[in-house]
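**Q** I'd like to go over a predicted model; first the sequence, then the structure.
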Amino acid sequence: MARETGPVTSFPTGTGAAQRRDSRIYLDAATVTPPHPAGREALIAALDEGWADPRRLHAEGRRARLLLDGAREALAAALGTRTEELIFTGSHVEAVHAAVLGTLKARHRTGDRVVLSAVEHSAVLQAAGQGAVPIGVDRLGRVDAEAFTESLRSPGVALACLQSANGEVGTVQPVTEVAAAARAAAVPLLVDLAASAGRQPTPSGWDLLVADPRSWGAPGGLGLLAVGANTRWTSAAPGDDGTERVPGTPSVPAALAAAVSVQAVLADAERSDARLRALTARIRAVAAEIPDTEVVGDPDHRLPHVVTFSCLYVDGEAIVDELDRAGFAVGSGSACTASTLQPSHVLAAMGVLTQGNLRVGLPPGVGEAEVAAFCAALPGAVQRVRAFLEAEG
């Protein structure tokens, strides 16, 4: 749907993104990016100017409120939503839960079924609970839009959920097509921008949006939820006397840092997109040359910074450890389940290899030298792990 947005509030900005600490190279920025220098400066400044409670009427409170309102206006413009539609939450997961549970509460007479892709963020799957109606994806990770559309016509469907792009394999989803079908079925659509915000334009046709400011280099402790003006939604959590439509008072410094960071990232988005695509293409090519390795995700319609591949005969965590010792920080499996050592539900839904999985996420400021060093180290790391596990040949 078309959105009218006001002018972007002017904030000081910087360039680049820190991804290297001493001799280490951080390449796990698929959905959590290192702090943006401009956002770091804004955070420090806001700690001095915006520390007070924005609900108070004294001068300190009013100053904090002005900073919060300015941040909301800038973030709304960046996401393509109206200022009054944007709600601050404590995290991306909290924003997802508020969106799903709030819609189900408001539309409880319609039903409790939630149509969603099988590769949605785990927070979406958890919030939908037993009402979830997962729609399968192909081997590239793209949801079956025809099956999704058909499920929307079923009775009892209160909500549809579809990510703009998958943060684990980078595949872009057919949001525009699904949005048209949801509108025809009179089912509100929640679009998750966790992996794409700041990197790609917000797709049209949404009724609710969620985003994670950490994906563009903002500090943690903040989530974003936008509820369209004509969307039936009510908070499913007990209320308080906060400034938001969800419990709690948002962090003014975190909100300001998020606003400054996203403005700086968007200002460099076009140049960064082309550069990162060239670098990820190089990594994909090197990974594809490693014996018994499968590069997954759409090679063309994808996020510019994500590369995922799986290596037979090895454990993903073992390769992560080997690369970590060599100075490279990468991920394995799903960002939501890697710590539990459970197979990625995304890779399993795609029907691709789940073992020996590595995910590389390039920060905006990564250099060609860092990527070249990783490409040089990767084949040897896989070979050493296979040799240790006696899996060579």
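**A** Alright, I've got the coordinates.

**Q** this structure: helices as residue ranges?
**A** Secondary structure of the chain (DSSP state H): helices at 37-49, 59-79, 92-106, 122-128, 145-152, 175-184, 252-267, 269-289, 316-325, 345-350, 368-388.

**Q** which of the ones you listed sits closest to R24?
**A** Among those, the nearest to R24 by Cβ to Cβ is helix 316-325 (8.8 Å). For every residue, glycine as well, the C-beta is placed using N, CA and C.

**Q** got the contact list for the residue nearest to the spatial centre of the chain?
**A** Computing the C-alpha centroid of the chain and ranking residues by Cα atoms, centre = their mean puts A194 first, at 2.0 Å. Applying Cβ atoms under 8 Å, 6 or more residues apart in numbering to A194 gives the contacts 31, 92, 121, 163, 167, 210-212, 215.

**Q** what about G367, neighbour count?
**A** The tally of other residues near G367 (other Cβ atoms under 10 Å) stands at 15.

**Q** what's the pLDDT at the residue nearest to the centre of the chain?
**A** Confidence at A194, expressed as pLDDT, is 95.

**Q** distance of it from G111?
**A** Going from A194 to G111 by Cβ to Cβ, to the nearest Å gives 26 Å.

**Q** likewise D315?
**A** Noted for D315: a distance of 42 Å to G111, by Cβ to Cβ.

**Q** the helices of the chain: which one's closest to R232?
**A** Closest of these to R232 is helix 92-106, at 4.2 Å (criterion: Cβ to Cβ).

**Q** check which helices and strands the closest one sits against.
**A** Counting contacts by 3 or more Cβ pairs under 8 Å, 6 or more residues apart in numbering; DSSP states H and E, helix 92-106 packs against strand 86-89, helix 122-128, strand 157-163, strand 189-192, strand 208-211, strand 223-227.

**Q** can you tell me the strand partners of the first one and which way each runs?
**A** For strand 86-89, the paired strands and their directions (DSSP bridges) read strand 223-227 (antiparallel).

**Q** likewise the fifth one?
**A** Using DSSP bridges, strand 208-211 pairs in its sheet with strand 189-192 (parallel), strand 223-227 (antiparallel).

**Q** please save the CA atoms from the first one in PDB.
**A** Output in PDB follows, covering the C-alpha atoms of strand 189-192 (Å, rounded to 0.1, in the frame of the first residue of the first chain):
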ATOM      1  CA  LEU A 189      -0.500  -9.300   6.300                       C
ATOM      2  CA  LEU A 190       2.500  -9.000   8.600                       C
ATOM      3  CA  VAL A 191       5.800  -8.400   6.800                       C
ATOM      4  CA  ASP A 192       9.000  -9.100   8.700                       C
END
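
**Q** can you name the residues in contact with it?
**A** 96, 99-100, 103, 120-121, 124, 159-164, 175, 178-179, 182-183, 202-203, 205-211.

**Q** what subset of those residues is buried?
**A** Using 16 or more other Cβ atoms under 10 Å as the burial test, the contacts of strand 189-192 include 96, 99-100, 103, 120-121, 124, 159-164, 175, 178-179, 182, 202-203, 205-211 as buried.

**Q** can you give me the neighbour number for the closest residue to S91 other than its chain neighbours?
**A** Computed as Cβ to Cβ, 6 or more residues apart in numbering, the closest residue to S91 that is not its neighbour in sequence is G223, at 4.6 Å. G223: 28 surrounding residues under other Cβ under 10 Å.

**Q** looking at strand pairing, list the partners for G223.
**A** Beta bridges link G223 to T89 when assigned by DSSP bridges.

**Q** what's near enough to touch P201?
**A** Contact partners of P201, counting by Cβ under 8 Å, 6+ apart, are G80.

**Q** again with the one 4 residues further on
**A** The neighbourhood of G205, defined by Cβ under 8 Å, 6+ apart, consists of 1, 175-176, 178-180, 182-183, 189.

**Q** count the neighbours of R277 for me.
**A** Applying other Cβ under 10 Å, we find 16 other residues in the vicinity of R277.

**Q** any idea how far it lies from A369?
**A** Distance, R277 to A369, using Cβ to Cβ: 18 Å.

**Q** cool, and P253?
**A** According to Cβ to Cβ, P253 stands 34 Å off from A369.

**Q** between the two, tell me which one has more neighbours.
**A** More crowded of P253 and A369, by other Cβ under 10 Å: P253, with 25 against 9.

**Q** skipping its backbone neighbours, what lies nearest the more buried one in space?
**A** Distances taken as Cβ to Cβ, 6+ apart put A46 closest to P253, at 3.7 Å, once the chain neighbours are dropped.

**Q** how many other residues sit next to that neighbour?
**A** Burial measure for A46: 23 neighbouring residues, criterion other Cβ under 10 Å.

**Q** of all the contacts of G205, which two lie farthest apart?
**A** M1 and V178 (13.6 Å).

**Q** sorry, back to before: nearest to Q130, of the contacts of A194?
**A** Distance to Q130 across the contacts of A194 (Cβ to Cβ) is lowest for H121, with 18.0 Å.

**Q** as a markdown table, the strands paired with strand 208-211 with distance to L75 would be great.
**A** Output for the strands paired with strand 208-211, formatted as a markdown table (distance: least, Cβ to Cβ, whole Å):
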| stretch | distance to L75 |
| --- | --- |
| strand 189-192 | 16 |
| strand 223-227 | 6 |
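
**Q** between those strands, which gets nearest to D300?
**A** If you check each of those against D300 by Cβ to Cβ, strand 189-192 wins as the nearest, at 21.4 Å.

**Q** distance from the chain centre to the closest one, please.
**A** On the basis of Cα atoms, centre = their mean, to the nearest Å, strand 189-192 sits 12 Å off its chain's mean C-alpha point.

**Q** L256 and P219, how far apart?
**A** According to Cβ to Cβ, L256 and P219 sit 10 Å apart.

**Q** stretch 36-46: how far from the chain's middle?
**A** Put simply, stretch 36-46 sits 21 Å off its chain's centre (Cα atoms, centre = their mean).

**Q** just to revisit the earlier point, can I get the helices and strands packed on helix 92-106 in TSV with distance to E289?
**A** Shown next, in TSV, are the helices and strands packed on helix 92-106 (distance: least, Cβ to Cβ, whole Å):
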stretch	distance to E289
strand 86-89	44
helix 122-128	32
strand 157-163	30
strand 189-192	34
strand 208-211	36
strand 223-227	40
